[in-house]
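Undergrad: I would like the atomic coordinates for the input below:
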Amino acid sequence: MATRHLLRTVVFQSFYEWDFYKGERPLMKVIERNMERFGKDVDEPEFAWNLAKGIAEHIKEIDKVISKSAPEWPINQISIVDRNILRLGLYELMFGNKDEVPPKVAINEAIEIAKNYGGTNSPKFVNGVLGTVYRTMTEGK
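TA: Here you go, the predicted structure:
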């Protein structure tokens, strides 16, 4: 498994746990524990920390984008898995360094995580939401 894919997975799993416990567990402590367990020997741990901090800083804005892009699915009715995969993918798509992670890579990575951790329809749902946001972002260019 590629280093960045592994780190995205650790960040996703950490946000999943944090969301599952409704924010009662300190997010950065969860990430720290998971990085120690699963990402201890990776080349660029700062990638995971930057990703996690970025998602946390922009989570309200990201959740608004999810609500707008999937209006038939209120955010609290989207599965915890799908919601946190979308948060990860949308952060990279909207706020990430496009030279470091091109939009199509961000979308593909989110879809791969959805294939591994989500339900049968998760990859299609994640692709649909991220694709809609990406098209909206590029229409004005």
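Undergrad: and stretch 22-30, how far out from the chain's middle?
TA: Offset of stretch 22-30 from its chain centre (CA atoms, centre = their mean, to the nearest Å): 16 Å.
Undergrad: over to stretch 112-124?
TA: Distance of stretch 112-124 from its chain centroid, counting by CA atoms, centre = their mean, is 13 Å.
Undergrad: also stretch 27-45?
TA: Distance, stretch centre to chain centre, for stretch 27-45: 16 Å (CA atoms, centre = their mean).
Undergrad: what comes into contact with that stretch?
TA: With CB atoms under 8 Å, 6 or more residues apart in numbering as the test, stretch 27-45 has contacts from 3-4, 6-7, 9-11, 13-15, 17-18, 48-49, 52, 56. (C-beta placed from N, C-alpha, C; glycine too.)
Undergrad: that one: which residues count as buried?
TA: Buried residues in stretch 27-45, defined by neighbour count with 16 or more other CB atoms under 10 Å: 27, 30-31, 34-35, 38-39, 42.
Undergrad: wait, Ala106 touches Glu92, no?
TA: Yes - counting by CB atoms under 8 Å, Ala106 sits close enough to Glu92 to count as a contact (3.6 Å).
Undergrad: quick one, helices of this structure?
TA: Here the chain has its helices, by DSSP state H, at 3-20, 27-38, 45-69, 80-94, 103-117, 122-139.
Undergrad: deepest-packed of these, please.
TA: Greatest average neighbour count among these goes to helix 80-94 (a mean of 24), per mean count of other CB atoms under 10 Å.
Undergrad: what angle sits between that helix and helix 103-117?
TA: Angle, helix 80-94 to helix 103-117, by axes from the mean of the first three to the mean of the last three CA atoms, to 10 degrees: 170 degrees.
Undergrad: just checking, what packs against helix 80-94?
TA: Helices and strands touching helix 80-94, by 3 or more CB pairs under 8 Å, 6 or more residues apart in numbering; DSSP states H and E, are helix 3-20, helix 45-69, helix 103-117, helix 122-139.
Undergrad: alright, calling it a day.
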